[in-house]
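Asks: Below is the sequence, then the predicted model.
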Amino acid sequence: MLEHLTKETFKEKVFNFETGKEWKYAGTVPCMIDFYADWCGPCKMVAPVLEELQKEYGDSLIIYKVNTEQEQELAGMFGIQSIPSLLFIPVDGQPQMAMGALPKPTFEKAISDVLKVEKPSVN
């Protein structure tokens, strides 16, 4: 199961926007954040893909979920207007946003290009 972030856990694990002015990721492993809502059809299509990606990448990537209905302040901070929206956060550098229910190969390319994480080879 992917971890759901609240405003408090977001500040602890991703970025404390109340104390920091400049973006500085708090984690040590690249992450993705899925901004979604329970009523959103495309979000439901993306959810199993994200679960699969988390299993495949293991400890080299963290995938979080943010329910935009419950965490409106977080959604507002990132200007989320359409869902699903996914935020790719490298350990160093600026996060990048992607919108829409992307196919798995597109996620894998972004994980490689933006987050610089390669899928571990299965022996």
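Replies: Perfect, thanks for sending it. Numbering: from 1, shown residues only.
Asks: how much space between residue 76 and residue 101?
Replies: Distance, residue 76 to residue 101, using Cβ to Cβ, to the nearest Å: 22 Å. Placement of C-beta: from N, CA and C, glycine included.
Asks: Looking at these two, which has the bigger crowd around it?
Replies: residue 101 (17 against 11; other Cβ atoms under 10 Å).
Asks: Run through the strands of the chain in chain order.
Replies: Using DSSP state E, the strands of the chain run over residues 3-4, 31-36, 62-67, 85-89, 96-99.
Asks: looking at the ones you listed, which is closest to residue 16?
Replies: Closest approach to residue 16 among these is made by strand 85-89 (13.9 Å; Cβ to Cβ).
Asks: which secondary structure elements does that closest one contact?
Replies: In terms of contacts (3 or more Cβ pairs under 8 Å, 6 or more residues apart in numbering; DSSP states H and E), strand 85-89 is packed against strand 31-36, strand 96-99, helix 104-113.
Asks: Recalculate using a threshold of 6 Å.
Replies: Contacts defined by 3 or more Cβ pairs under 6 Å, 6 or more residues apart in numbering; DSSP states H and E place strand 85-89 against strand 31-36, strand 96-99.
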